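Asks: let's see this in three dimensions:
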Amino acid sequence: MTASPVPSATPSTEVPAGAWRALLLVTLGFGVNFWAWALLSPLGPVYVERGLAADASLIVAIPVLVGSLGRILMGGLTDRLGGHLMFPVVSLITVIPVLFIGFVGQYTYSTLLLGGFFLGVAGTTFAIGVPYVNSWFPPAKRALRGSW
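Replies: Below you'll find the model as predicted:
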């Protein structure tokens, strides 16, 4: 059962109060979470230069793979628990690997891989935020359909 903040029984084209605020907050949340998700990508060449890794591809690939596959699990949890709960919980969980890599995990290859694995959780927010914001807007107002 999907926990939807707005009943969708009526095919109204009216945007409910708070929908734009929800869209803005989720968009900002996406920005922060995707920054964390892609944190290791620009740093990969630095780690190769320092001699911590022979190849940066695995460091970069682990968060992407975990984030991509984790969307399946997070999508199901979002359907069950609702985006209102899941989005902030996953965002707060994402803080842990960011701090881990910043303070501890940046010094060895294995800790970079471990931190990258848990950074992949940040990539799952797409499966949480999109249905959450979608539930606030009537179908005629989603994506680029309809006039605003």
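Asks: could I get the buried residue list for the lowest-mean-pLDDT helix or strand in the chain?
Replies: The weakest-scoring helix or strand in the chain, judged by mean pLDDT, DSSP states H and E, is helix 44-50 (a mean of 80). Residues of helix 44-50 classed as buried by neighbour count (16 or more other Cβ atoms under 10 Å): 44, 47. (Glycine included, C-beta is placed from N, CA and C.)
Asks: contacts for that helix?
Replies: 53-57, 59-60, 106, 109, 112 (Cβ atoms under 8 Å, 6 or more residues apart in numbering).
Asks: any idea how far residue 68 is from residue 89?
Replies: Per Cβ to Cβ, to the nearest Å, residue 89 is found 20 Å from residue 68.
Asks: can I get the contacts of helix 44-50 in a markdown table with secondary structure and distance to residue 75?
Replies: Formatted as a markdown table, the contacts of helix 44-50 follow (DSSP: H, G, I helix; E, B strand; the rest coil; distance: Cβ to Cβ, whole Å):
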| residue | secondary structure | distance to residue 75 |
| --- | --- | --- |
| 53 | coil | 32 |
| 54 | coil | 35 |
| 55 | coil | 32 |
| 56 | coil | 29 |
| 57 | helix | 27 |
| 59 | helix | 26 |
| 60 | helix | 24 |
| 106 | coil | 31 |
| 109 | helix | 32 |
| 112 | helix | 28 |
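Asks: can you select the buried ones among those for me in ChimeraX?
Replies: With 16+ other Cβ under 10 Å as the criterion, this ChimeraX line picks the buried residues out of those:
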select :53,56,59,60,106,112
